[in-house]
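Chemist: A predicted structure for the sequence below; I have some questions about it.
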Amino acid sequence: MRWRYDHDRSLWNITRANKEIEYYRSQASFESLTKHDLQTLIRAPYADAKTDGPGLAFFKKLEHEVKHKFPTMKTAKTYHKSNPAVRNPDTGKRLQTVKSPTTQKEKTIPLPKKFPQGCLKYFKYWTYEEKMEEVVVVCVDQAYWLVDPNDLISFHQEDLLVSCAS
């Protein structure tokens, strides 16, 4: 699991262990996660391109909430559901499944901003950053981060041809 704040889209994105990417619009939408989810999230790698933006401020707030057992933040409650058809052969008790309510993740994600046309004209190299599971495309004058495979649509067609040739 990893997470970051995307300043271009003004969204937080969480990449789960199964590689599913979830987007959250506001800090309040994180209250739809359970305490366990938030504790796991705060231990996961976090990335932010700016040191003074809303993403890092929320990270610090969430870190405080987890450390002090959520004194001001509401969280979603899990519930147990019994399965009457399945029983533990040793105890004879019904199987209990822990369920979580649905989260307030975004259902539609805004498209990423287009990179300038010809931005890969001075392409140097690209690399895969394993810790954050992202691709970094480095040019002479700038670097471009691709977090989601859909971020490739940010490039113009001529730039994609340059990257394919490399």
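Modeler: It's in. Residues are numbered from 1 along each chain as shown.
Chemist: pairing partners for the top strand by length along the chain, with directions?
Modeler: What stands out as the longest strand in the chain, according to DSSP state E, is strand 79-87. Partner strands for strand 79-87, per DSSP bridges, with pairing direction: strand 94-99 (antiparallel).
Chemist: helix or strand right after the partner strand?
Modeler: Downstream of strand 94-99, the next assigned helix or strand under DSSP states H and E is strand 123-129.
Chemist: restricting to C-alpha, output that next one in CSV.
Modeler: Presented in CSV, the C-alpha positions along strand 123-129 are these (Å, rounded to 0.1, in the frame of the first residue of the first chain):
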residue,chain,number,x,y,z
PHE,A,123,14.2,13.0,-23.2
LYS,A,124,17.1,11.6,-21.2
TYR,A,125,15.8,8.4,-19.6
TRP,A,126,12.9,6.9,-17.6
THR,A,127,13.1,4.9,-14.4
TYR,A,128,10.7,2.8,-12.3
GLU,A,129,10.7,3.9,-8.6
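Chemist: now for it, which elements pack on it?
Modeler: strand 134-139, helix 157-165 (3 or more Cβ pairs under 8 Å, 6 or more residues apart in numbering; DSSP states H and E). C-beta coordinates here come from the backbone N, C-alpha and C atoms, glycine included.
Chemist: in TSV: those, plus distance to Phe59.
Modeler: Listed next are the helices and strands packed on strand 123-129 as TSV, based on distance: least, Cβ to Cβ, whole Å:
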stretch	distance to Phe59
strand 134-139	18
helix 157-165	32
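Chemist: just name the most buried of these.
Modeler: strand 134-139 (a mean of 17; mean count of other Cβ atoms under 10 Å).
Chemist: contact partners of it?
Modeler: 119-129, 143-147, 163 (Cβ atoms under 8 Å, 6 or more residues apart in numbering).
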